[in-house]
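Novice: When you get a sec, could you give me coordinates for this:
(chains A and B)
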Amino acid sequence: MKLMHCPLNGWRNVGEFVYGGEVTPTPAHDADPKAWADWVFMEDNTAGVVREWWFHSPSSYWFIAERDNVRDVVLRTYPPEEIFRERVDFSREGARNE
Amino acid sequence: MALGLLKQGLRRKYKPQPVLPPRPELKSSYDVVIIGAGGHGLATAYYLAKEHGITDIAVLDKGYLAGGNTARNTAIVRSNYLTPEGVRFYDESMKLWEGLSNEFDFNIQFSHRGHLTLAHADSTLRTMRWRAEVNKHMGVDSELIGPEDIRRLCPQLNLSEEARWPVLGALYHPPGSTARHDAVAWGYAHGAAKRGAEIHQHTEVTGFRTEGDRVTEVETNRGKIRCGRVLQAVAGASSQVGAMAGLRLPIHTVPLQACVSIPMMPFLDPIIVSGTLHTYIWQTGRGELVMGGSSDPVPGYMTRSTLDFKESLMAHVMELFPFLGEVRLNRQWGGMTDMTPDFSPVMGETPLTNYYIDAGWGTWGFKATPVCGYRMAETVAKGTAPDILKPFRYERFDTFDQVGERGAASVGH
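Specialist: Numbering: from 1, shown residues only, chains lettered A, B, ... in the order given. Coordinates of the predicted model:
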């Protein structure tokens, strides 16, 4: 794996990218500490095709990649908007309204 | 002479003895099923039989004896960790290591080499002073030394102030050692098998049957086994085996590559480690240099070796030993490291009452082989983890009670 496709910038040297962890659903603001501990520390650690956050460092752009972590091949990269369509409201009011 | 040789060869006393019995048929039930015939699993079987009189044991492995990460580490043993919990644990391991060749009546080539962790920055010196004080407090031989003492211990090292990262000092750990990794596994396997444990290679676990909070049956590609207690000791596949038992683990698996050079005249006595340069290097009894560097930049289960790894490692090795520029590599490989958030293992009991775990062995598993075997055997035999393992319990992440070993666990994270 020498090149990676950035959804914003096209093909770039893989050294320009930084791995950012599994894509996992974030717990609700007021979820109990166990749920948050689970989200922070526990992992599926799948062997096979995984969906991950990646970062193109020169342009500060976060995106999502599907990667086969056994064969070491990136299958597809796409902007996060494909998955995250709604804005999360982090204000106190927003948290209360949920 | 030929006649004498023949005569000796025919004497009953010198009859060839198999080290391991041939793979037996799987029985329908065992008191203890150990998944993983690597160093940790075999050591647990050995101490279960020797210390606790439990011999109805099956050690299962999907591959061959000690063919996983027991074969892929760089065989360094030390106990100069950062947290008191870690130092206590790895020091007990060191004490067990020292007696193993005698105990097995088999040479595991354990030798105290001295271990130097180099500092190239003030911040590193500060952490090392901290580590040395914790070590000494716990009775472990460990000292911060300056360039003059380093020169005396390792005159081959490039201590020039003109280097890109000049060496400012080092954490010196005289008991730091190396051992023959295969021999350790063979010693434990032989000792366990001699006492009645069965070792089943090429026997892959495919699932578990549970009733309530107990595992009642282990399913394998050779049939089902009823089990009293189960231990998983499968570094590099911990999350997969754990998932079969319904456990989600604080582990991401990252490849760690290493390599050895062609054999050379002996010239390097101590083990040299540099966190800043992501390098560790030592010379084997055969004269090969064993070299390792930082983990791969992404998690995964790839056992290939990459050019990036070799380029960056060699550049750093040549900073430390410029005269190695012409030396060729002989072998290269990648191992699977189960990294945990606090760089400490996950050991002991699980939410399943008869299922025990020995996982999260990242880049620090080989040195812990004897103590893991000894203490996991105690855990499995008594049903509860002893105090020395409690800091590493599976539940510590729920209570935010981690054992932060990042500063001392390995290089290059």
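
Novice: Helices of the chain, residue ranges please.
Specialist: Using chain A here. A:33-41, A:92-97 (DSSP state H).

Novice: Chain B was what I was after
Specialist: B:2-10, B:39-52, B:84-104, B:122-137, B:147-153, B:181-194, B:238-244, B:307-320, B:369-382, B:406-409.

Novice: Switch these over to TSV; also include distance to B:G292 and mean neighbour count.
Specialist: Placement of C-beta: from N, CA and C, glycine included. Shown next, in TSV, are the helices of chain B (distance: least, CB to CB, whole Å; neighbours: other CB atoms under 10 Å in any protein chain shown):
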stretch	distance to B:G292	mean neighbour count
helix B:2-10	43	9
helix B:39-52	18	27
helix B:84-104	18	19
helix B:122-137	19	16
helix B:147-153	21	14
helix B:181-194	13	23
helix B:238-244	21	20
helix B:307-320	8	18
helix B:369-382	18	24
helix B:406-409	13	18
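
Novice: Using a markdown table, lay out those together with distance to chain A.
Specialist: Converted to a markdown table, those look like this (distance: least, CB to the nearest CB, whole Å):
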| stretch | distance to chain A |
| --- | --- |
| helix B:2-10 | 49 |
| helix B:39-52 | 19 |
| helix B:84-104 | 18 |
| helix B:122-137 | 23 |
| helix B:147-153 | 33 |
| helix B:181-194 | 24 |
| helix B:238-244 | 4 |
| helix B:307-320 | 8 |
| helix B:369-382 | 21 |
| helix B:406-409 | 14 |
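
Novice: Got the confidence number for residue 24?
Specialist: Using chain A here. If you check A:T24, the pLDDT there is 89.

Novice: that's the other chain; I wanted chain B
Specialist: Per-residue confidence (pLDDT) for B:P24: 83.

Novice: so what's it closest to, chain neighbours aside?
Specialist: Closest residue to B:P24 apart from its sequence neighbours, by CB to CB, 6 or more residues apart in numbering or on different chains: B:E198 at 5.3 Å.

Novice: Touching, the one you found and B:D61? I think so.
Specialist: No. Counting by CB atoms under 8 Å, B:E198 does not reach B:D61; the two are 11.7 Å apart.

Novice: still on that earlier bit, by mean pLDDT, show me the worst of the helices of chain A.
Specialist: Averaging pLDDT over each of the helices of chain A puts helix A:92-97 lowest, since it has a mean of 57.

Novice: returning to that earlier point: name the residue in B:E198 and B:D61 with the higher neighbour count.
Specialist: Set B:E198 next to B:D61 and count neighbours by other CB atoms under 10 Å in any protein chain shown: B:D61 wins out with 25 against 20.

Novice: picking that back up, please name the bridge partners of the residue nearest to B:P24.
Specialist: Counting by DSSP bridges, B:E198 is bridged to B:A58.

Novice: What distance do you get for it to B:I281?
Specialist: Remark: distance between B:E198 and B:I281 (CB to CB, to the nearest Å) = 39 Å.

Novice: and chain A, which residues reach chain B?
Specialist: Those residues of chain A that sit near chain B, judged by CB under 8 Å from any CB of the partner chain, are A:15, A:18-19, A:33-34, A:37-38, A:40-47, A:67, A:69-72.

Novice: Filter those down to the buried ones.
Specialist: Among the residues of chain A next to chain B, those classed as buried by neighbour count (16 or more other CB atoms under 10 Å in any protein chain shown) are A:Y19, A:A37, A:D38, A:F41, A:M42, A:E43, A:N45, A:T46, A:A47, A:R67, A:N69, A:D72.

Novice: how about the closest residue to the fifth one other than its chain neighbours, what does it touch?
Specialist: Once flanking residues are discounted, A:M42 sits nearest to B:R248: 4.7 Å by CB to CB, 6+ apart. For B:R248, the set of contacting residues under the criterion of CB atoms under 8 Å, 6 or more residues apart in numbering or on different chains consists of A:D38, A:M42, A:E43, A:D44, B:G242.

Novice: Just the pLDDT for the residue lying closest to B:A121 once chain neighbours are set aside.
Specialist: The spatial neighbour of B:A121 that comes closest, neighbours along the chain excluded (CB to CB, 6+ apart), is B:T276 at 6.4 Å. B:T276 carries a pLDDT value of 89.

Novice: burial measure for B:T276, as a count.
Specialist: Neighbour count of B:T276, defined by other CB under 10 Å: 17.

Novice: contacting residues around B:V19?
Specialist: For B:V19, the contact set (CB under 8 Å, 6+ apart) comprises B:W186, B:A189, B:H190.

Novice: swap the cut-off to 6 Å and go again
Specialist: Shown in contact with B:V19 (CB atoms under 6 Å, 6 or more residues apart in numbering or on different chains): B:H190.

Novice: Got the phi and psi for it?
Specialist: Phi and psi for B:V19, reported as degrees, to the nearest 10, are phi -70, psi -40.

Novice: And for B:P147, nearest residue in space, chain neighbours not counted?
Specialist: In space, B:P147 is closest to B:L159, 5.3 Å off (CB to CB, 6+ apart).

Novice: and stretch B:208-225, how far apart are its ends?
Specialist: End-to-end distance for stretch B:208-225: 10 Å, by CA to CA, to the nearest Å.
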